[in-house]
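Asker: coordinates for the following, if possible.
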Amino acid sequence: MIIKLYLIAIKVISVEILLQIQQNVKHLRRIIKFSVNQRYQFEQHWKYQQQEQIFLNQIQWKNIKLHYIFQIFQLAYKMIKKYESNNMNQYKQLFCGILIGGTLVKILSHIFKTKKQSINRPIMPKEEHLKEQLVRNYQFFGEQGQQKIDNSYILIFGVGGVGSHVLSAIARSGCRKIAIVDFDRVSLSSLNRHAFATRKHTGISKVEVFQQFISDLNPHIELIVYEKYVVPDNVQEFFKEKPDYVIDCIDNMDAKVAIIKYCLQNNIKIIVSSGAGMKADPTRIQIRDISESQNCELARALRMRLKAFKIKKGFKIVFSQELAERQLLPLKDHQVDKIEEYRQFDNYRLRIVPVFSCMPALIAYSISSYVLCDIAEQLYETYNIEDVKHTHYTRFYNQLLNQGSKLKKEVIVDIEDIYIVVREVYQFKCLITDKKSYQLEMVVWDATKDITINNLTLLYGKAAEIHKNIKDIQEINKIYKPEILQRKMVYDQAILDFVAKNKRVYK
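Answerer: Reported below is the predicted structural model:
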């Protein structure tokens, strides 16, 4: 009786499974066809019909198996019924149950050992596989635009916090030839900002980490690796083949200047990453010509260095206009008197810059977006936060240049200094009236001294013309009232405090 109940239960379960499979065949077919219809229409789109047939064959195979199992259990049930009708005792029924059960096990094991068709995704041709991987890019850039990205050669200097994210974005977008330059190794402290390095990569060369990553991501990419420290003397070594674009993500000023100079001299497109340290506001990130950069210490130092080579504009820099409130970490006690001994290389920054993990990635993806759209010839017009007021600062700066020429004095300020004086300190107010006005003029305070950030003031039209005729500081003290002189001293101290708070990071 026990065996009989057992067989009846199995029979019922088998019938239920069989019905469920039969009901789901149509549903699975609809899902597969829906997936096919939604795919990007390539000439041979992943052979989904073949894949659908494999699915259905697999279902059919399971269907056949369950059908055989059902028939076998039916036969076993009939045999038990027959033996019961012959009034067999309990022991004989048990013996027959064991015999039939063993036979069933043997038959079932034979059925399930039969070779099954695989339902894994079929092996696709290489180009077709890559097209499916980049399907969203093709949809965005179109066939021609994506082909230009595929065939481009991009050279990336530095694959640290910013550079690692740049390389990831460029590689994921289909560029098939990339060169990377970096001498450093992955450290624990760099894991907060690196694109994909983990603890297992600590101590390993950064370029070596990328070789495995690129191989896993897209084996079609030709990755050229230079594990070297960049200095002005060896820059040319990395340009054995002319790249379509150069992305500079290093913070060594000597090397940065040399790379920019080489690219401009050889008509190579270049975009430069500024410092991501000590900043956190993503809404202040800008993509501008180097001549229009502001509130970025690295960009400022870069402008000053390039001025010696008469390079004032001609390439884009990605920077943050955020005024940094954090400072470089101080040197350790044992480093103070032996700075050069602790530098990794000559002129290499020793003090540590606090870095918020989000900012390097945000700057990196801004760079990548600009480069990829430029290569695809679908470049957008960048938006500048200060576009409305930038003309004011340019006008003030030109006024100073004219005064410097007449006074035969060197103008030791740039447009960023004008920004600090006008917006951050004076706040568009006239020194005399202490009221806001947009008809102000930037004037040299003491005509006997060089034109520095502390030797400037803002005056309205008539007052500015009068002040230009003042010859020295004694005459200034006679003409202006004590409260105006006191206000000028307050403004000068505010400028000193502002500059001290935002110390020059890159010397």
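Asker: what are the bridge partners for Leu223, then?
Answerer: Beta-bridge pairing for Leu223 (DSSP bridges): Ile178.
Asker: residues in contact with stretch 184-202?
Answerer: Stretch 184-202 has contacts (Cβ atoms under 8 Å, 6 or more residues apart in numbering) with 160-161, 164-165, 167-168, 203-206, 209, 213, 276, 355, 357, 360-361, 364. Heads up, the C-betas are built off the backbone N, CA and C, glycines and all.
Asker: mean confidence score for it?
Answerer: For stretch 184-202, mean pLDDT is 90.
Asker: need the contact partners of stretch 286-298.
Answerer: Contact with stretch 286-298 is made by 251, 253, 272, 274-275, 299-300, 302-303, 306, 312-324, 366-367, 370, 382, 384-386, 390, 415-416, 419, 502, 504-506, as judged by Cβ under 8 Å, 6+ apart.
Asker: which among the contacts of stretch 184-202 count as buried?
Answerer: Buried by 16 or more other Cβ atoms under 10 Å: 160-161, 164-165, 167-168, 205-206, 209, 213, 276, 355, 360-361, 364, out of these.
Asker: and those residues, which of them are in helices?
Answerer: Gly161, Ser164, His165, Leu167, Ser168, Lys206, Val209, Phe213, Pro360, Ala361, Ala364 (DSSP state H).
Asker: and the fourth one, how far is that from Val159?
Answerer: From Leu167 across to Val159, the span is 6 Å (Cβ to Cβ, to the nearest Å).
Asker: mind listing the shared neighbours of these two?
Answerer: Joint contacts of Leu167 and Val159 (Cβ under 8 Å, 6+ apart) are Ile180, Phe210.
Asker: please verify my assumption that Phe309 contacts Gln265.
Answerer: No - counting by Cβ atoms under 8 Å, Phe309 does not reach Gln265; the two are 9.6 Å apart.
Asker: which one's more surrounded, those two?
Answerer: Phe309 (13 against 10; other Cβ atoms under 10 Å).
Asker: next up, the contacts around the more buried one.
Answerer: Val257, Lys261.
Asker: pLDDT score assigned to it?
Answerer: pLDDT, read off for Phe309, is 94.
Asker: ok, Ile418 next?
Answerer: 89.
Asker: how about Ile214?
Answerer: For Ile214, the predicted pLDDT is 92.
Asker: tell me how many other residues crowd it.
Answerer: That count, for Ile214 with other Cβ under 10 Å as the rule, works out to 20.
Asker: quick check: it vs Asp150, distance?
Answerer: Counting by Cβ to Cβ, the gap from Ile214 to Asp150 is 15 Å.
Asker: again with Thr457
Answerer: 57 Å.
Asker: comparing these two, which residue is more hemmed in?
Answerer: Neighbour count, other Cβ under 10 Å: between Thr457 and Asp150, Thr457 has more, with 24 against 17.
Asker: can you tell me the SS state at the more buried one?
Answerer: strand (DSSP: H, G, I helix; E, B strand; the rest coil).
Asker: which residues touch it?
Answerer: Tyr426, Leu431, Met442, Val443, Trp445, His467, Lys488, Tyr491.
Asker: ok, Leu440 next?
Answerer: Leu440 touches Phe396, Val422, Phe428, Cys430, Leu458, Leu459, Tyr460, Ala464, counting by Cβ under 8 Å, 6+ apart.
Asker: what about 7 Å?
Answerer: Phe428, Cys430, Leu458, Leu459, Tyr460 (Cβ atoms under 7 Å, 6 or more residues apart in numbering).
Asker: who wins for neighbours among the residues you listed?
Answerer: The residue in these with the most neighbours, by other Cβ under 10 Å, is Leu458 (23 neighbours).
Asker: the protein: strands as residue ranges?
Answerer: 153-157, 177-181, 222-226, 245-248, 270-273, 285-289, 316-320, 440-444, 456-460 (DSSP state E).
Asker: tell me which two of the contacts of Leu440 sit farthest apart.
Answerer: Largest separation among the contacts of Leu440 by Cβ to Cβ: Phe428 and Leu459, giving 12.4 Å.
Asker: out of the strands of the chain, which comes closest to Ile473?
Answerer: Ile473 sits nearest to strand 440-444 of all the strands of the chain, at 11.8 Å, using Cβ to Cβ.
Asker: and the closest one, which strands flank it?
Answerer: strand 456-460 (antiparallel).
Asker: report the rounded mean pLDDT for the partner strand.
Answerer: In this model, strand 456-460 has a mean pLDDT of 94.
Asker: and what of stretch 320-339?
Answerer: 66.
Asker: equivalent analysis for stretch 400-408, please.
Answerer: Computed over stretch 400-408, the average pLDDT equals 91.
Asker: in that stretch, which residues are buried?
Answerer: Buried positions in stretch 400-408, judged by neighbour count with 16+ other Cβ under 10 Å: Leu400, Gln403, Gly404, Leu407.
Asker: quick check: helices, which of these are part of them?
Answerer: Counting by DSSP H, the part of those found in helices is Leu400, Gln403, Gly404, Leu407.
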